[in-house]
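**Q** how would this look folded up:
(chains A and B)
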Amino acid sequence: GNSVTQMEGPVTLSEEAFLTINCTYTATGYPSLFWYVQYPGEGLQLLLKATKADDKGSNKGFEATYRKETTSFHLEKGSVQVSDSAVYFCALSKNGGSQGNLIFGKGTKLSVKP
Amino acid sequence: GAGVSQSPRYKVAKRGQDVALRCDPISGHVSLFWYQQALGQGPEFLTYFQNEAQLDKSGLPSDRFFAERPEGSVSTLKIQRTQQEDSAVYLCASSLEIGPLTTLYFGEGSWLTVV
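**A** Numbering: from 1, shown residues only, chains lettered A, B, ... in the order given. Just a heads-up that it's a prediction; the model follows:
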């Protein structure tokens, strides 16, 4: 079945460090891929998305490239800030399911220290 | 309001008690989703509405769980005879579009603890 696996946290980085959060998926067909972020005390919000192979999603300095050959959608940022501290969720859209129904990974907590 | 609103934010229920969780989606949003998020886990799909029609309830874990959206706006998730394993955050999300690329807008969740 469809599933998402992302690296376990927590991840602790110093400000301006490079960030990678790994995400791999298992899916039939061609799912769309998403990164959602949950800042402390707030609801989940879409960070970026990609709809087909080799697409790159980007937002707020974060990037992720849809790699069909490695079934991956790793999240990267060149220089993290304290304000990036949050929980990050990788997700895919479920083929054939409800429009917009998402399958999420377990989440990776990121803490950025000044 | 500007975002998805959920109430109550926190609920402690005794085992066997019935609970009702409310979701006010963003005005005009056609699609509405309920997710369950256990501690340390990602959200898991429960059910989906398009307007007032419940098009997918495949994620509801048992017949104790029931959701409705009678007028195509506010939705209620009802859990009957709560069990300890029902303890989780219940997330509501809405979207304007219909389709696999839709952006979901999430509420802050209703934290349910069954004691």
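**Q** host element of the residue nearest the centre of chain B?
**A** The C-alpha lying nearest the average C-alpha coordinate of chain B belongs to B:Trp34 (C-alpha atoms, centre = their mean; 3.2 Å). Element membership for B:Trp34, per DSSP states H and E: strand B:31-37.
**Q** A:Ser111 versus the residue nearest to the centre of chain B, what's the distance?
**A** Going from B:Trp34 to A:Ser111 by C-beta to C-beta, to the nearest Å gives 30 Å. Quick note: C-beta positions are derived from backbone N, CA and C, even for glycine.
**Q** Equivalent analysis for B:Thr47, please.
**A** 34 Å.
**Q** which one of these two has more residues nearby?
**A** Shown here are B:Thr47 and A:Ser111; by other C-beta atoms under 10 Å in any protein chain shown, B:Thr47 has more neighbours (25 against 14).
**Q** Now the closest residue to the more buried one other than its chain neighbours: phi and psi?
**A** Nearest non-adjacent residue to B:Thr47, counting by C-beta to C-beta, 6 or more residues apart in numbering or on different chains: B:Lys57, 4.4 Å away. Backbone torsions of B:Lys57, given as degrees, to the nearest 10, read phi -130, psi 30.
**Q** What does the pLDDT read for the residue of chain B at minimum distance from chain A?
**A** Chain A sits closest to B:Gly42 of chain B, with a gap of 3.3 Å, by C-beta to the nearest C-beta. We have a pLDDT of 93 for B:Gly42.
**Q** Sweet, I'm off.
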